[in-house]
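Participant: one predicted model, sequence on top.
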Amino acid sequence: MRADSKEEHGAVAHNPMAIGLKLAPCLLVVELVSPTASTGQGGDLARRRYQKGQILFSKSRQLWLGRYREDTIRPDGSVIRARPQIVLGTKKELPTQRLAARKLDEILSRINDCAYQPTRIATVAEFAARWREEVLAKRKPSTVRSANSHLDSHILPQLGKLRLDQVGPENQQVFVNQLAGASRKTVLNILSTLSSMLATAKNWGFSSGEIALRKLVLPERNVHVPAHFTRSQVESILSLANEPWRTFFIVLALTGLRAGEALGLQWPDIDFHHKCIHVRRSAWYGKAQSTKSKASAAPVTLPDALANVLRQYHSIWTANPEGWLFATRNNRPPSSNNVVEYRLWPILDALDIPRCGLHAFRHSVASFIVDAGYSPEVAKQQLRHTDARTTLNYIHLRGGITERAMADVSNSLKLDAVGREQGKGSQYIQ
């Protein structure tokens, strides 16, 4: 080693196992070899059965880096020798080279294990093609549509050329930042698709990163209040609606069903005897699919008023082979988008109510339940939410209710129980 190398690049603690020192701009490279390493002819490093790797120190970044060799399997089945470089820690975290080497040994224990098998690698785009075919295609049509949109519009354009193992916290944050303008919920939905794909890759033996939401800075929660109807607005909507949509809107307003669940109802689902509605399926673009979750498949209460409406509706109902309560001329459930655009919006426009979707009925039901004096837990059960925090986002109390509530609270306190003179203290805060 040249005598001036220490002054130019900084010192590395002496290690009797070091067999060479390679210099690079701002980097010190020390290749470590175990005394018991088994080598092939000519000391070919690729033939070693046990490796210690290399320790590198970046003076500009004050970081210890580790470099090692690893066999990887490409998507086409070919095996290549990769040489990853990873961050071991900062100079503050690992003050000496020996501590950095110990950290690298921990990482290399997986590769040096007798049962080690070459790692499978692929780019995000390469694996996405397989994931669409083998996994996504087996999901519900609604899930397939949204996931494909996330992949084609965001994930593949931004991350497609990266290897799966390169999608770490830093690249994830860059990806989130590139979604500027999207709402927090949209960003979470896109990350959910990416997370599902990366989890599958890891389960299949690919070297893959994982989504770490706690390490990401996400968009702030919107102050936006979801659309909902007041009692008078619901009554006005029903007064202008024609059959079968009047009955359909009543079902939404008296059950809190999701639009797809209501459109997916068949007459055997209406249990007049036990006063409940069995939610067995959901309709999506004219096709039946499973409900959103297992909790969504729970039956909901059938109020007497709704039971009477459904009995009257059955007398004028146009029969179809599958027994759909609401069907098109093709004997299939209508698309919720068409119901909104051609049945709901004209009524909202006539009533000067801002346009919104059918989900506004579901928000209204939660509000009506709590407004009637019942706890949010009752609304949670009726809406079949798995998390009570979700239900709280659905509750929108009518104006004046908090004033009356606080009036009751103030009237319940005996403010004159203690005499004014007895309760009088210093006028100054101590």
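Facilitator: That came in fine, so what should we check first?
Participant: past the top helix by length along the chain, which element shows up next along the chain?
Facilitator: Among the segments of the chain that qualify as a helix by DSSP state H, the longest is helix 184-203. Remark: after helix 184-203, the chain's next helix or strand is helix 231-240, criterion DSSP states H and E.
Participant: let's see stretch 310-325 as PDB, backbone CA atoms only.
Facilitator: C-alpha atoms of stretch 310-325 as PDB (Å, rounded to 0.1, in the frame of the first residue of the first chain):
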ATOM      1  CA  LEU A 310     -91.300  -4.700  -0.600                       C
ATOM      2  CA  ARG A 311     -94.600  -6.700  -0.500                       C
ATOM      3  CA  GLN A 312     -96.300  -3.900  -2.500                       C
ATOM      4  CA  TYR A 313     -93.400  -3.800  -4.900                       C
ATOM      5  CA  HIS A 314     -93.500  -7.600  -5.400                       C
ATOM      6  CA  SER A 315     -97.100  -7.200  -6.800                       C
ATOM      7  CA  ILE A 316     -95.900  -4.900  -9.600                       C
ATOM      8  CA  TRP A 317     -92.500  -6.500 -10.000                       C
ATOM      9  CA  THR A 318     -91.500  -7.700 -13.500                       C
ATOM     10  CA  ALA A 319     -90.300 -11.300 -13.100                       C
ATOM     11  CA  ASN A 320     -86.800 -12.400 -14.300                       C
ATOM     12  CA  PRO A 321     -85.200 -15.900 -14.300                       C
ATOM     13  CA  GLU A 322     -82.800 -15.200 -11.500                       C
ATOM     14  CA  GLY A 323     -85.300 -13.400  -9.300                       C
ATOM     15  CA  TRP A 324     -83.300 -10.100  -9.100                       C
ATOM     16  CA  LEU A 325     -85.300  -7.400  -7.300                       C
END
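Participant: identify each buried residue in that stretch, please.
Facilitator: 310, 313, 317, 320, 324-325 (16 or more other C-beta atoms under 10 Å). No exception for glycine: its C-beta is placed from N, CA and C like everyone else's.
Participant: likewise stretch 274-292?
Facilitator: For stretch 274-292, by 16+ other C-beta under 10 Å, it's 277-285, 288-289, 291-292.
Participant: now do that stretch: distance to the chain's middle.
Facilitator: From the chain centre to the centre of stretch 274-292 is a distance of 24 Å (C-alpha atoms, centre = their mean, to the nearest Å).
Participant: quick one: contacts of that stretch?
Facilitator: 140-142, 255, 257-258, 260-261, 263-266, 268-271, 296-304, 307, 328, 330, 332-337, 384 (C-beta atoms under 8 Å, 6 or more residues apart in numbering).
Participant: sitting in helices, which of the residues you listed do you find?
Facilitator: 141-142, 255, 260-261, 263, 304, 307, 336-337.
Participant: how about those residues, which pair is most distant?
Facilitator: Pro141 and Asp304 (35.8 Å; C-beta to C-beta).
Participant: which parts of the stretch 51-200 of the chain are helices?
Facilitator: Shown for the stretch 51-200 of the chain, the helices assigned by DSSP state H, counting those that start in this stretch span residues 97-112, 124-134, 141-150, 156-159, 169-177, 184-203.
Participant: relative to Ile250, which of the ones you listed is closest?
Facilitator: helix 141-150 (25.0 Å).
Participant: can you give me the angle that closest one makes with helix 124-134?
Facilitator: Helix 141-150 and helix 124-134 meet at an angle of 170 degrees, taking axes from the mean of the first three to the mean of the last three C-alpha atoms, to 10 degrees as the criterion.
Participant: now helix 141-150: how far from the chain's centre is it?
Facilitator: On C-alpha atoms, centre = their mean, the centre of helix 141-150 falls 14 Å from the chain's centre.
Participant: list the helices and strands the one helix or strand His314 maps to packs on?
Facilitator: Using DSSP H and E, His314 maps to helix 304-316. Using 3 or more C-beta pairs under 8 Å, 6 or more residues apart in numbering; DSSP states H and E, the elements in contact with helix 304-316 are helix 245-255.
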